[in-house]
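Asker: when you get a sec, could you give me coordinates for this:
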Amino acid sequence: MYLCKPAREAIENWKGALAEDSSIFLADLKKAIGEIDVASVKELEELLWEYTRLFIGPYKLPCPPWESVYTSSKRLLMQEAVDQVRQIYGETGLTINTADVLPDHIGAELNFLAVLLQRTYSEAEKKDYDVKIIERFFSEHLFKWVPSFTKDMENASETLFYKSLAKATRNIIDFIGRS
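Answerer: Numbers count the residues shown, from 1 in each chain. Alright, predicted model coming up:
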């Protein structure tokens, strides 16, 4: 949801993905997505504007979606976090296959986490190693910036969808990371 613009097809896919989910962490997000009228051109344009305003620009971003902005002293993009995250990805044999996404983007980091969590269930021989990487990734990266990012996002958002996405992200990161 952080890497994909909120177009009709994407929203329909999100609705389908959450249809069977009963997690308390996703209840508000599921409700917010369910309330989006994908037949309304105006509503889709408003969501796209919100996505652009929050994560792309051209104006100053209220919640830049990159770890380096939150962890560098001058709030700059492409700082140490990019190289550190890229290194952790490499330690697991994973890479980002697109030049359009920086390694420290919230979407890339959450995707990395999802892949590793899935791998702990599907590849037993790598489970202990992957669990250690996941724990390290939380302590060295996610816990250091996602709470601030999602608070900024929740405060800056003008739509229920992005407010709910911020809250769900923060709560899931907190729950998984502390488990």
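
Asker: okay, CA-based contacts and neighbour counts for the rest of this
Answerer: OK.

Asker: give me the pLDDT value at the residue in the chain sticking out farthest from the centre.
Answerer: Most distant from the centre of the chain: Glu125, at 27.6 Å, with distances by CA atoms, centre = their mean. Listed pLDDT for Glu125 reads 90.

Asker: may I see the buried residues of the longest helix anywhere in the chain?
Answerer: If you go by DSSP state H, the chain has its longest helix at helix 160-178. Under the neighbour-count criterion of 16 or more other CA atoms under 10 Å, helix 160-178 has 160-171, 173-174, 177 buried.

Asker: over to the residue farthest from the centre of the chain. Which of the three states is it?
Answerer: helix (DSSP: H, G, I helix; E, B strand; the rest coil).

Asker: residues in contact with it?
Answerer: Applying CA atoms under 8 Å, 6 or more residues apart in numbering to Glu125 gives no contacts.

Asker: before we move on, the earlier item: so what touches the longest helix of the chain?
Answerer: Counting by CA under 8 Å, 6+ apart, 25-26, 28-29, 32-33, 135, 138, 142-143, 146-147, 150-151, 153-155, 157 sit against helix 160-178.

Asker: now the buried members of those residues.
Answerer: 25-26, 28-29, 32-33, 135, 138, 142-143, 146-147, 150-151, 153-154, 157.

Asker: could you tell me how many residues sit around Lys60?
Answerer: Look at Lys60: counted by other CA atoms under 10 Å, it has 11 neighbours.

Asker: no, scratch that, I was asking about Ala99
Answerer: Per other CA under 10 Å, the neighbour tally for Ala99 reads 7.

Asker: distance of it from Lys132?
Answerer: 28 Å (CA to CA, to the nearest Å).

Asker: quick one: the strands in this structure, in order.
Answerer: Counting by DSSP state E, the chain has no strands at all.

Asker: low-confidence ranges in the chain?
Answerer: The chain contains no residues with pLDDT under 70.

Asker: so where do the helices sit in it?
Answerer: 8-18, 27-34, 41-55, 67-71, 80-91, 106-122, 127-137, 143-156, 160-178.

Asker: can I get those helices in CSV including distance to Met1?
Answerer: Formatted as CSV, the helices of the chain follow (distance: least, CA to CA, whole Å):
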stretch, distance to Met1
helix 8-18, 8
helix 27-34, 11
helix 41-55, 10
helix 67-71, 17
helix 80-91, 20
helix 106-122, 7
helix 127-137, 21
helix 143-156, 13
helix 160-178, 8
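
Asker: most tightly surrounded among those?
Answerer: Stretch with highest mean neighbour count among the helices of the chain: helix 67-71 (a mean of 23; mean count of other CA atoms under 10 Å).

Asker: need the residues that contact that helix.
Answerer: By CA under 8 Å, 6+ apart, helix 67-71 touches 75-82, 104-106, 141, 144-146, 148-149.
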